[in-house]
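A.B. asks: structure of the sequence below:
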Amino acid sequence: MPLFLAKWGFLIFAGFYFCFAAPAPVSESVLNLRRDIKNVFSRERLVNLKAGVAIASLETGEILFELNADELLIPASVNKVLTAYVALKKLKPTSTFKTEIYITSPIREGKCSGDLYIKGGGDPSLVSERMWMLVNELIRSGMKEVSGNLVGDSSYFDQERTPAVRPKYLKDQAYNAPIGALSFNFNTTTIYVRAGETVGSDPVVYSDPENSYIDIVNHAKTTSSGTKNTLVVSRTEHVKGDMGDTVLLRGNVPVDAPEMRFYRNIVNPTLYTTHMFRKFLESRGVKVVGKSIEGVVPASARRILEFDSLPMWQVVWGMNKFSNNFVADQVLKKLGAEMWGAPGTREKGILAIQDALEDIGISKKAYQVTDGGGLSRDTQITARQILKVLTAAYRDFGLSSEFLASLGIAGEDGTLKSRFPNSSVLPPLRAKTGSLDGVTSLAGYSSSADKELLAFVILLNDSKMKYGRMTAWVDQVATTLRKFSRK
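C.D. replies: Reported below is the predicted structural model:
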């Protein structure tokens with residue numbers, strides 16, 4: 001090639017290169033948006049605060065704002081965004097969890113002469129109403145008596161009930177409920193307490209649902225009107241041995257105090273569910289002679305019923321709307337079992353998440369996820385990575401509708417119901433919240449004032465900062481997005 005042609009070829013190539021590589025000019029409206037968001041994170045607030053923020057237009061792909069977008073931070077319950085996306089992607093929105101009933105002896109004249117087995121498939125939606133439906137289906141088999149034991153089988157998952165990565169101080173709080181392939185009512189119980197009729201009498205206590213698994217020990221007393229309410233309701237571990245849990249009441253309840261409600265988790269999901277299965281059978285007139293115990297379905301057993309959970313999209317809806325950690329970790333182990341074979345484990349579920357995120361360009365080595373719900377402080381991820389998940393979910397026609405519908409609506413429902421009080425006069429916002437001591441986060445989608453759809457992630461970590469103060473900053477950034485206009 002003649003030298004002058006080679007020279008001109010280089011110049012033409014270079015011209016095209018610089019033409020396409022030159023950054024597009026930033027509009028004044030975007031510059032104003034960036035200024036307003038930066039003002040939220042003033043220098044004095046950033047002394048100890050670690051903030052990771054990433055905001056993009058889903059219509060143009062333009063990055064509107066970034067702040068430490070590649071810094072690994074604790075996401076808290078925004079971690080559920082990953083779990084929801086992968087569950088809907090890998091298991092499909094219509095997939096279900098299976099609860100199975102087995103017998104080892106035929107039913108003759110309404111009598112099951114052997115043991116009756118209930119095997120869990122990890123269903124997080126098995127609550128009182130659905131247990132009633134399960135028993136209704138079983139009744140149609142003609143069963144009127146079980147002469148053997150009721151046996152709960154939780155072998156579809158491993159036996160790690162409370163993930164080791166959860167903070168140790170959580171103890172009996174409902175949001176720290178254990179995990180189990182056979183679980184009931186989110187593995188929690190509700191305790192209602194009312195003052196007694198007279199001073200010195202015991203308060204009146206109810207458990208919901210009523211069951212034989214929980215033993216209530218009431219050491220509380222009713223005191224005179226105007227005295228201090230010192231009632232403490234705690235779930236103690238294994239006081240009844242292998243039979244169940246004990247809920248202990250201590251302190252004083254003023255005679256004029258309103259009814260109080262306490263949510264507590266339980267220790268053994270398999271036994272709890274088996275006891276409740278017994279309760280519902282007996283309520284339908286089925287006599288159970290044997291005990292409620294744990295075990296494994298023998299190979300010779302015959303399945304007589306397969307009961308489907310709510311569909312995955314509905315499970316994910318409840319998980320995200322109300323930030324349910326129990327549901328998230330049940331879904332995680334379901335992912336593990338389906339992708340890598342039973343028993344489902346936390347580690348297998350994390351591998352499923354890693355594979356799905358790698359499919360959208362997020363390297364397995366670039367972050368760390370340790371649970372499904374975000375209770376763990378060991379989880380570390382960046383705002384840009386979560387933004388990539390939000391973008392992938394929005395662009396995937398097979399799951400986008402279900403994914404978006406699972407997020408809280410600002411000022412209207414879920415964990416966002418009491419936030420963003422002026423939402424009726426602002427463009428819509430749907431997002432997943434996150435909160436731990438020293439952590440506040442929000443990730444989701446917002447419409448701008450021009451009806452341009454934006455995706456955003458805000459992760460704030462500061463061990464010395466109170467949750468409420470950081471929440472105000474997060475909401476300020478989100479409100480700024482809703483008011484953003486290119487005009």
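A.B. asks: quick one, helices of the chain?
C.D. replies: Using DSSP state H, the helices of the chain run over 3-21, 28-40, 80-90, 128-139, 269-283, 312-321, 325-340, 346-359, 383-395, 400-405, 467-483.
A.B. asks: and these as JSON lines, adding distance to residue 446, mean pLDDT and mean neighbour count?
C.D. replies: Quick note: C-beta positions are derived from backbone N, CA and C, even for glycine. Output for the helices of the chain, formatted as JSON lines (distance: least, C-beta to C-beta, whole Å; pLDDT from 0 to 100; neighbours: other C-beta atoms under 10 Å):
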{"stretch": "helix 3-21", "distance to residue 446": "31", "mean pLDDT": "44", "mean neighbour count": "9"}
{"stretch": "helix 28-40", "distance to residue 446": "12", "mean pLDDT": "94", "mean neighbour count": "15"}
{"stretch": "helix 80-90", "distance to residue 446": "15", "mean pLDDT": "98", "mean neighbour count": "26"}
{"stretch": "helix 128-139", "distance to residue 446": "35", "mean pLDDT": "96", "mean neighbour count": "16"}
{"stretch": "helix 269-283", "distance to residue 446": "38", "mean pLDDT": "96", "mean neighbour count": "23"}
{"stretch": "helix 312-321", "distance to residue 446": "16", "mean pLDDT": "98", "mean neighbour count": "23"}
{"stretch": "helix 325-340", "distance to residue 446": "24", "mean pLDDT": "98", "mean neighbour count": "26"}
{"stretch": "helix 346-359", "distance to residue 446": "23", "mean pLDDT": "98", "mean neighbour count": "20"}
{"stretch": "helix 383-395", "distance to residue 446": "11", "mean pLDDT": "98", "mean neighbour count": "21"}
{"stretch": "helix 400-405", "distance to residue 446": "12", "mean pLDDT": "98", "mean neighbour count": "18"}
{"stretch": "helix 467-483", "distance to residue 446": "5", "mean pLDDT": "91", "mean neighbour count": "18"}
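A.B. asks: will you turn those into CSV that also has distance to residue 118?
C.D. replies: As requested, the helices of the chain are exported to CSV (distance: least, C-beta to C-beta, whole Å):
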stretch, distance to residue 118
helix 3-21, 63
helix 28-40, 52
helix 80-90, 24
helix 128-139, 9
helix 269-283, 5
helix 312-321, 20
helix 325-340, 17
helix 346-359, 23
helix 383-395, 35
helix 400-405, 29
helix 467-483, 40
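A.B. asks: indicate which one of the ones you listed is closest to residue 440.
C.D. replies: For residue 440, the closest of the helices of the chain is helix 467-483, at 3.8 Å, according to C-beta to C-beta.
A.B. asks: what lies in contact with that closest one?
C.D. replies: Helix 467-483 is contacted from outside by 33, 36-37, 40-41, 45, 49, 53, 55, 410, 419-420, 426-427, 429, 431, 435-442, 446-449, 454, 456, 458, 460, 462, using C-beta atoms under 8 Å, 6 or more residues apart in numbering.
A.B. asks: quick one: low-confidence parts of the chain?
C.D. replies: Within the chain, the ranges that satisfy pLDDT under 70 run 1-24, 43-46, 237-243, 466-467.
A.B. asks: domain map for it?
C.D. replies: For the chain, the structural domains run 28-94+312-483, 97-310, going by automatic domain parsing.
A.B. asks: show me how far the longest one is from its chain's centre.
C.D. replies: Here the centre of mass of C-alpha atoms in domain 28-94+312-483, compared against the chain's by C-alpha atoms, centre = their mean, to the nearest Å, lies 13 Å away.
A.B. asks: got a list of what the closest residue to residue 152 other than its chain neighbours touches?
C.D. replies: Leaving aside its chain neighbours, residue 152 sits nearest to residue 274 (3.6 Å; criterion: C-beta to C-beta, 6 or more residues apart in numbering). Each residue near residue 274 by C-beta under 8 Å, 6+ apart is listed here: 118, 150-152, 182, 292-294.
A.B. asks: one more time with 7 Å
C.D. replies: With contact taken as C-beta atoms under 7 Å, 6 or more residues apart in numbering, residue 274 is in contact with 118, 150, 152, 292.
A.B. asks: so of the contacts of helix 467-483, which ones are in strands?
C.D. replies: Secondary structure assignment by DSSP state E places 53, 55, 429, 431, 435-436, 439-442, 446-447, 454, 456, 458, 460 of these in strands.
A.B. asks: ok, back up a step: pick the most buried one from the domains of the chain.
C.D. replies: Mean neighbours per residue, mean count of other C-beta atoms under 10 Å, is largest over those for domain 28-94+312-483, with a mean of 20.
A.B. asks: now do the same end-to-end measure for that domain.
C.D. replies: End-to-end distance of domain 28-94+312-483 (C-alpha to C-alpha, to the nearest Å): 15 Å.
A.B. asks: also stretch 278-289?
C.D. replies: 10 Å.
A.B. asks: need the contact partners of that stretch.
C.D. replies: Against stretch 278-289 from outside (C-beta under 7 Å, 6+ apart): 131-132, 135, 139, 143-147, 150, 211, 292.
A.B. asks: same deal with stretch 51-59?
C.D. replies: With C-beta under 7 Å, 6+ apart as the contact definition, stretch 51-59 has outside contacts at 41, 62-69, 71, 73, 382-384, 387, 391, 394, 452-460, 477, 481.
A.B. asks: if we use 6 Å, what do you get?
C.D. replies: Under the contact criterion C-beta atoms under 6 Å, 6 or more residues apart in numbering, stretch 51-59 has outside partners 41, 63-69, 71, 73, 383-384, 387, 394, 452-460.
A.B. asks: do stretch 342-355 as well
C.D. replies: Contacts to stretch 342-355, defined as C-beta under 6 Å, 6+ apart, come from residues 82, 86, 156-158, 163, 332-337, 339-340, 364, 369.
A.B. asks: ok, those vs residue 378, which is closest?
C.D. replies: Nearest member of the contacts of stretch 342-355 to residue 378, counting by C-beta to C-beta, is residue 369, at 8.9 Å.
A.B. asks: now for that closest one: which residues touch it?
C.D. replies: Residue 369 neighbours (C-beta under 6 Å, 6+ apart): 350, 353, 379.
A.B. asks: if we go to 7 Å?
C.D. replies: Contacts here follow C-beta under 7 Å, 6+ apart; on that basis residue 369 touches 79, 82, 350, 353, 379, 381.
A.B. asks: any idea how far residue 191 is from the second one?
C.D. replies: Think residue 82. Using C-beta to C-beta, to the nearest Å, we find residue 82 at a distance of 34 Å from residue 191.
A.B. asks: do I have it right that residue 360 meets residue 392?
C.D. replies: Yes - contact criterion C-beta atoms under 7 Å: residue 360 and residue 392 qualify, at 4.5 Å.
A.B. asks: anything in contact with each of those two?
C.D. replies: Residues touching both residue 360 and residue 392 (C-beta under 7 Å, 6+ apart): there are none.
A.B. asks: circling back: select, out of the helices of the chain, the one closest to residue 177.
C.D. replies: Between the helices of the chain, helix 325-340 lies closest to residue 177; by C-beta to C-beta that is 4.3 Å.
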